[in-house]
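Visitor: Pasting a predicted model and its sequence here:
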Amino acid sequence: MIIWQADFYKYLPESSSWQLIICDSDGTMIKEATCLQAEVNHQWLKLQLEEIIKDSSPDIIKVFRPQCLNLFELATKTLKIDIQATRRTPELKNILIKKDPNTIKIEQLPPQPLPENLWGDKWLFASFKAGDLVDYFSDRPIPIKDFPEDLKPINLDISSAVNIPGVVIYGGRNSLYLVRWLAENKPISLNYIPTEVGNSGGLILESGLVDRWVLLTFEDQEMAKSAQKYEEQKEFSQGLHFLLVQPDDSGMTHTGIWLLKKETI
């Protein structure tokens, strides 16, 4: 499968031109072009794409910037190329950061509360050895399982002995509704944000391209310590962590699981 990563945006506010950058999954530049802002439309973008797909056409083009997502979707409508909206475009972002670190910053709204009908019964922090995590869940009949190849510990060169931290939610009757909502919103990472250090805080779910949700909150010193340890463990796991939803604490059934990793916005 051929996958490209692309961006099309006016990087400098004072500039009158937009820049198109396309690279492959190895970070090799495929296309770089500019046009005046007055020329920006999906037809111009389609012409640029047509020039470079004559010999080899990608199956997927990954786009991380909301402002140009619609342009790519319109431009590729007749080109038989799927557009994937995702924050996970590391090679492209490395190229952009070298030009100017500010080019990958995207404005985000404050975190929104999770809909009440999705709340679980209880939750806890947990961890799995990197060497056991994927194997343990791979053969289990879990309705929704998201283990991207590039996030599997072995592909990140994470030692099998490293603890991968995570959060387990016991969703009760709401388990299936919660995992369906999560699948629709495409989780990226789950991060502890303290409101009072050592006493209270919450877990903020990053999802989609720019969305943020208050998934869980707590006011408990022991939980705050566990949350801090959770964040510290992520430093040793290259940011890799997981979110597991199951109906109860029997350990017999699981409803959904995601491998997560914080991404640069």
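Guide: Received, thanks.
Visitor: which residues of this protein fall in strands?
Guide: 3-9, 17-24, 29-36, 60-63, 82-85, 112-113, 122-129, 144-146, 163-170, 187-196, 200-207, 211-219, 240-246, 256-261 (DSSP state E).
Visitor: who's in contact with the first one?
Guide: Right, strand 3-9. 18-25, 30, 40, 45, 58-65, 67-68, 71-72, 89, 91-92, 96, 103 (C-beta atoms under 8 Å, 6 or more residues apart in numbering). The C-beta positions use only the backbone N, C-alpha and C, and glycine is treated the same way.
Visitor: From those residues, list the buried ones, please.
Guide: 18-25, 40, 45, 58, 60-65, 68, 71-72, 89, 91-92, 96, 103 (16 or more other C-beta atoms under 10 Å).
Visitor: okay, and for the chain, where does confidence drop off?
Guide: Scanning the chain for pLDDT under 70 picks out 265.
Visitor: Contact partners for I52?
Guide: Residues near I52 by C-beta under 8 Å, 6+ apart: I22, I30, K31.
Visitor: What segments of the stretch 51-200 of the chain are helices?
Guide: All helices of the stretch 51-200 of the chain, identified by DSSP state H, counting those that start in this stretch, fall at 66-75, 90-99, 130-138, 175-185.
Visitor: So which of these is nearest A161?
Guide: helix 130-138 (7.0 Å; C-beta to C-beta).
Visitor: That closest one to strand 256-261, inter-axis angle?
Guide: 150 degrees (axes from the mean of the first three to the mean of the last three C-alpha atoms, to 10 degrees).
Visitor: now helix 130-138: how far from the chain's centre is it?
Guide: Offset of helix 130-138 from its chain centre (C-alpha atoms, centre = their mean, to the nearest Å): 20 Å.
Visitor: and what of stretch 161-170?
Guide: Distance, stretch centre to chain centre, for stretch 161-170: 17 Å (C-alpha atoms, centre = their mean).
Visitor: Use 701 as the first number for this chain going forward.
Guide: Yes, from this point I'll number from 701; that puts the last item at stretch 861-870.
Visitor: quick one: contacts of it?
Guide: Contacts with stretch 861-870, where a contact means C-beta under 8 Å, 6+ apart, come from 820-831, 833, 853, 858, 878, 890, 903, 916, 929-930, 933-934, 936-937, 940-949.
Visitor: Show me what counts as buried in that stretch.
Guide: In stretch 861-870, counting by 16+ other C-beta under 10 Å, buried: V862, N863, I864, P865, G866, V867, V868, I869, Y870.
Visitor: Show me what counts as buried in the lengthiest helix in the chain.
Guide: Assignment by DSSP state H gives helix 921-936 as the longest helix of the chain. Judged by neighbour count (16+ other C-beta under 10 Å), helix 921-936 contains these buried residues: M923, A924, S926, A927, Y930, Q933, K934.
Visitor: Verify the contact between the fourth one and L903 for me.
Guide: Yes: the criterion here is C-beta atoms under 8 Å, and A927 meets it with L903 at 7.5 Å.
Visitor: Overlap of the contact sets of the two?
Guide: With C-beta under 8 Å, 6+ apart as the test, A927 and L903 both reach Y892.
Visitor: Next, count neighbours for G951.
Guide: Per other C-beta atoms under 10 Å, the neighbour tally for G951 reads 8.
Visitor: domain assignment for the chain?
Guide: Domains of the chain are assigned by automatic domain parsing as 703-804, 812-961.
Visitor: Ends of the first one, what's the gap?
Guide: Using C-alpha to C-alpha, to the nearest Å, the end-to-end distance of domain 703-804 comes to 20 Å.
Visitor: Give me the distance from that domain to the chain's centre.
Guide: 18 Å.
Visitor: next one: stretch 883-891
Guide: 6 Å.
Visitor: Check which residues of it are buried.
Guide: For stretch 883-891, by 16+ other C-beta under 10 Å, it's K886, P887, I888, S889, L890, N891.
Visitor: All set, thanks.
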